[in-house]
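Asks: Just the structure for this:
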Amino acid sequence: MSLPPLEPLLFERLLLTKVWGGDALAPLFGFEVPQEVLASGPVGETWELVDREEQNSRVRVGMHAGKTLRELVTERGEEILGNARPARSGRFPLLVKYIDAGEPLSVQVHPDAEAAASIGGGAEAKTEAWYVLAAEEGACVWAGLADGVSRADFEAALATEGAAGTVELLRRREVQAGDCVLIEGGCVHAIGAGVTILEIQQNSDTTYRIHDWGRLGLDGCPRETHPDGALASARVELAPTWARAPAAGEPLPECGFDRTLLFEHDLFRGAFLRIGAAEEAPLLPASSGMAADGKTPRILAVLDGAGTLRAPDCLPRRVSPGEVWLLPACLPTAKLTAEGPGELRTVEAVAG
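Replies: Below you'll find the predicted structure:
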């Protein structure tokens, strides 16, 4: 029996409560948080696309509604992944989430591939990119150690009470909507209060917490810190890479759309795509990934505006703010049409 053709995939949203969570995401994207979720704490993250043992995305609409991403990758991995490098156990290589920092996140670090292999015990490398959706006045992030900070300085700060001394060693930067930063594995970082972001990352959940601002977790107990993992992972010389998307209302070229590169890494790359009212734009093709040969899957995160997504031999799909769509590698091209009085603003990502 022949399998139904693959099409652009939209998944059910997973809500995760966090002690540092806020209340910005639901009104930003127009969804409701069930009372049983709120009873366990504020929503800090929504996972929009994930293929992990503990959490797995389930298709929301279309011919594959109800299927998990794990099932689809297992059954039709070549069509979905193409030449993209899978994560551990053949899983989808990227994870996409929204983060709402009602309070600052912990100072933390993730390992790169070399550190993860050295640490062992299931540690996974993690490089991530943040696109700032909204930021309160004066809100900031910390990313990378300041110029001149040595390995010895970092080790000494880790030894202070609660590792609070590490905060003074970090590069602090105020942010606003449209800022984007690439945080490679080994780069010490934290997200400040009042920042809402889109995060596109390697499929990993390995985090070594360094400093947690002296607070208690949702269970009323101090949250664990991981100085040994942090020491093994931190690269004191590593700095973040910053970019910025065009502001809403800036003139568009005659073609009616523009694309701005936001981040580029051998694991994935991303661009900001904005389309003028009633205009159409091609999405990044499947051949635009980092794979040396062949096609790779693409991700489309809709930030603002409304439109229609069209791929060959597939039904057109309406897209709305907050949605994250997966275009399998077997769909070589796709187009996006803006429908509404204003711009359609999106972030595209291509797996490596």
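Asks: where does Gln201 land in three-state SS?
Replies: Following DSSP: H, G, I helix; E, B strand; the rest coil, the label given to Gln201 is strand.
Asks: and the nearest residue to it once chain neighbours are set aside, what does it touch?
Replies: Distances taken as CB to CB, 6 or more residues apart in numbering put Glu128 closest to Gln201, at 3.6 Å, once the chain neighbours are dropped. Just so you know, the C-beta spots here come from the backbone N, C-alpha and C atoms, and that holds for glycine as well. Residues near Glu128 by CB atoms under 8 Å, 6 or more residues apart in numbering: 110, 182-183, 199-202.
Asks: again, but for Ala286
Replies: Applying CB under 8 Å, 6+ apart, the residues near Ala286 are 82, 295-298, 327, 329-333.
Asks: How about Trp242?
Replies: By CB under 8 Å, 6+ apart, Trp242 lies in contact with 173, 179-181.
Asks: go again using 10 Å as the cut-off
Replies: Neighbour list for Trp242: 143, 173, 175, 179-182, 262-263 [criterion: CB atoms under 10 Å, 6 or more residues apart in numbering].
Asks: cool, Gly77 as well?
Replies: Contacts of Gly77 by CB under 10 Å, 6+ apart are 84, 86, 90-92, 329.
Asks: isn't there a strand covering it?
Replies: No. With three-state DSSP as the criterion, Gly77 is located in helix rather than a strand.
Asks: List the strands paired with the helix or strand containing Lys97, with their directions.
Replies: Applying DSSP states H and E as the criterion places Lys97 in strand 94-101. According to DSSP bridges, strand 94-101 forms sheet pairs with strand 43-49 (antiparallel), strand 195-202 (antiparallel).
Asks: any chance of the contacts of Glu128 in CSV, with distance to Glu71 too?
Replies: Shown next, in CSV, are these (distance: CB to CB, whole Å):
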residue, distance to Glu71
His110, 28
Leu182, 31
Ile183, 31
Glu199, 24
Ile200, 23
Gln201, 22
Gln202, 21
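Asks: Most widely separated two among those?
Replies: Pairwise distances across the contacts of Glu128 peak at 14.0 Å for His110 and Ile200 (criterion: CB to CB).
Asks: joint contacts of these two?
Replies: If you check His110 and Ile200 against CB under 10 Å, 6+ apart, the residues they both contact are 127-128.
Asks: Correct me if wrong: Arg85 contacts Ala125.
Replies: No. Between Arg85 and Ala125 there is no contact under CB atoms under 10 Å: 11.7 Å.
Asks: quick one: the helices in the stretch 201-350 of the chain?
Replies: Taking DSSP state H, counting those that start in this stretch as the criterion, the stretch 201-350 of the chain carries its helices at 227-233.
Asks: so where do the strands sit in it?
Replies: For the stretch 201-350 of the chain, the strands defined by DSSP state E, counting those that start in this stretch cover 208-211, 241-244, 257-264, 268-275, 280-282, 298-304, 307-310, 317-319, 324-327, 335-338, 344-351.
Asks: Mean pLDDT and distance to Val33 for the ones you listed - can I get that in TSV?
Replies: Output for the strands of the stretch 201-350 of the chain, formatted as TSV (pLDDT from 0 to 100; distance: least, CB to CB, whole Å):
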stretch	mean pLDDT	distance to Val33
strand 208-211	97	25
strand 241-244	98	31
strand 257-264	96	29
strand 268-275	96	28
strand 280-282	96	33
strand 298-304	97	20
strand 307-310	98	26
strand 317-319	97	22
strand 324-327	98	18
strand 335-338	97	29
strand 344-351	96	23
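Asks: And the ones you listed: which comes nearest Arg58?
Replies: strand 324-327 (12.4 Å).
Asks: Can you tell me which helices and strands the closest one packs against?
Replies: Secondary structure elements in contact with strand 324-327, counted by 3 or more CB pairs under 10 Å, 6 or more residues apart in numbering; DSSP states H and E, are strand 9-10, strand 43-49, helix 69-81, strand 94-101, strand 298-304, strand 344-351.
Asks: domains of the protein?
Replies: 9-244, 257-351 (automatic domain parsing).
Asks: could those go into CSV alongside distance to Ser2?
Replies: Shown next, in CSV, are the domains of the chain (distance: least, CB to CB, whole Å):
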stretch, distance to Ser2
domain 9-244, 12
domain 257-351, 14
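Asks: The closest residue to Thr17 other than its chain neighbours: what's it in contact with?
Replies: Ranked by CB to CB, 6+ apart and with sequence neighbours excluded, the top spatial neighbour of Thr17 is Gly41, at 3.6 Å. Contact analysis of Gly41 by CB under 10 Å, 6+ apart lists 16-21, 217-219.
Asks: what do you get if the cut-off is 7 Å, keeping everything else the same?
Replies: Counting by CB atoms under 7 Å, 6 or more residues apart in numbering, Gly41 makes contact with 17-19, 21, 218.
Asks: now swap in Leu309 and tell me
Replies: Applying CB under 7 Å, 6+ apart to Leu309 gives the contacts 8, 316-317, 319, 325, 334, 336.
Asks: contacting residues for Ser89?
Replies: Contacts of Ser89 (CB under 7 Å, 6+ apart): none.
Asks: Is it in a helix, a strand, or coil?
Replies: Once three-state DSSP is applied, Ser89 turns out helix.
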